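K.L.:
quick one, fold the following:
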Amino acid sequence: MPISKNKKPFFILLLGGIAMGTANKVPGVSGGAVAFVVGFYEELIYSLKRFNRKAISLLFNRGFSKFYTYVNGRFLIGIFSGTIISFFTVSKVLDFLITKFELQVWAFFFGLILGSIYFISREFNDWNIKTVTSLAIGIAIGVSFSFIGSSTENDNLLFVFLCGIISISGMTLPGLSGSFMLMVIGNYVLLMVDSVNAFYEIMTMSISMDFSWIYDDEIIRLIKVLAVFVAGSIFGLISLSHILGYLLKKYHQPVIAQIIGIIIGSLGVVWPWKDKIFMRNNVGEIMYLKNGKEIVEYYNAYLPSSLDTSTIIAILMIIIGIIVVISLERLKPRVD
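P.N.:
Model prediction:
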């Protein structure tokens, strides 16, 4: 199994996890793509793939230490600690920035993805009929994400569990945005905003020794939703890693080529210049979610017509995004 024997500094793993978690919360951006760029992707997949019968046997028969070593515990703890930190901290800042500086934020992420394509493609040099075909299929899959419309919110717990599996796919499939898929099926606000805010409220109230939240039916509902969502995410993470681990082992080059294609195809999802087209009811009024946010049915992309200040800043943010990814190349040899 291609698990690195050279231990990366723990703070690098933590930062990688924060970057992955933050990216995975942004619709259109993939945490898996971040893992790919910083050189963690295959180690992540193969480490998760080790949660199997042998791991269980080691845990019960030879102790936690053997189990921890076998599943590459230090690496996973670093990555997922960073992911959890980002989910409850950095992503909050990101939500604010998207609200206040939407064009600039999307431009920055567009630059990140452009840089990612350059970075990954430069290291891939095994082009043949199979890999080119895989690339084309990947591009088609990525482009198709741009044409999927939004659905409505559904808090059925079985469906929420499925949402967990779908959401975590962005961590294991570079180019596939789990948050975007949640937007498509209508549960992004419920799972990434409302339930997280409910968790924050519980923590804040509990610290103040106020436990009245246990009598709040809405908070209890949202915490149940969050718990089931997390369970689905864990299940999806482990099950998808087994599938991807097998595919990477058997068809490594075509799989990598298809991942590159998906990332290229998904560029349209994060194109900075786009108008929101809102869903409307029968009388033409814009439909709102229960928290007052409009339901976006789809985005209408356009080219900027003039080089005004906002356009220039957006272009600069694209360039900065590209530079950030390319600069990771200098970091990568020191941590591998």
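
K.L.:
the lowest-mean-pLDDT helix or strand in the chain: what's the following helix or strand?
P.N.:
Lowest on mean pLDDT, DSSP states H and E among the helices and strands of the chain sits strand 296-301, with a mean of 68. Note on strand 296-301: by DSSP states H and E, the next helix or strand toward the C-terminus is helix 309-335.

K.L.:
give the bridge partners for the closest residue to Trp271 other than its chain neighbours, please.
P.N.:
Leaving out its chain neighbours, the residue that sits closest to Trp271 by CB to CB, 6 or more residues apart in numbering is Ala301, at 4.9 Å. To be clear about C-beta, it is placed using only N, CA and C from the backbone, and glycine gets the same treatment. In this entry, Ala301 is beta-bridged to Lys274, by DSSP bridges.

K.L.:
list the contacts of Ala301.
P.N.:
Residues in contact with Ala301, defined by CB atoms under 8 Å, 6 or more residues apart in numbering, are 268, 271, 273-274.

K.L.:
most widely separated two among the residues you listed?
P.N.:
Farthest-apart pair in those is Gly268 and Trp273; separation 11.5 Å (CB to CB).

K.L.:
relative to Asn52, how far out is Tyr70?
P.N.:
For Tyr70, the distance to Asn52 (CB to CB, to the nearest Å) stands at 9 Å.

K.L.:
these two - which one has more neighbours?
P.N.:
Neighbour count, other CB atoms under 10 Å: between Tyr70 and Asn52, Tyr70 has more, with 19 against 12.

K.L.:
pretty sure that one contacts Ser57?
P.N.:
No. Counting by CB atoms under 8 Å, Tyr70 does not reach Ser57; the two are 9.7 Å apart.

K.L.:
which stretches of the stretch 101-250 of the chain form strands?
P.N.:
Applying DSSP state E, counting those that start in this stretch to the stretch 101-250 of the chain gives no strands.

K.L.:
give the contact list for Phe124.
P.N.:
253, 256-257, 260.

K.L.:
switch the cut-off to 6 Å
P.N.:
Listed by CB atoms under 6 Å, 6 or more residues apart in numbering, the contact partners of Phe124 are Ile256.

K.L.:
show me where the stretch 151-300 of the chain has helices.
P.N.:
Assigned by DSSP state H, counting those that start in this stretch, the stretch 151-300 of the chain shows helices spanning 157-172, 178-184, 188, 195-207, 217-250, 252-265.

K.L.:
any stretches of the stretch 51-200 of the chain with poor pLDDT?
P.N.:
Counting by pLDDT under 70, the stretch 51-200 of the chain contains low-confidence ranges at 90-92, 94-95, 123, 145-152, 174-177, 180, 183-184, 186.

K.L.:
state the mean pLDDT of the strand or helix carrying Asn24.
P.N.:
In the assignment (DSSP H and E), Asn24 maps to helix 10-25. For helix 10-25, the mean per-residue pLDDT is 83.

K.L.:
between whichever helix or strand comes after it and helix 217-250, how many degrees?
P.N.:
The first helix or strand that comes after helix 10-25 along the chain, using DSSP H and E, is helix 31-38. Note on geometry: by axes from the mean of the first three to the mean of the last three CA atoms, to 10 degrees, helix 31-38 and helix 217-250 are set 50 degrees apart in direction.

K.L.:
now do the contacts for Ile326.
P.N.:
Ile326 makes contact with Gly115, according to CB under 6 Å, 6+ apart.
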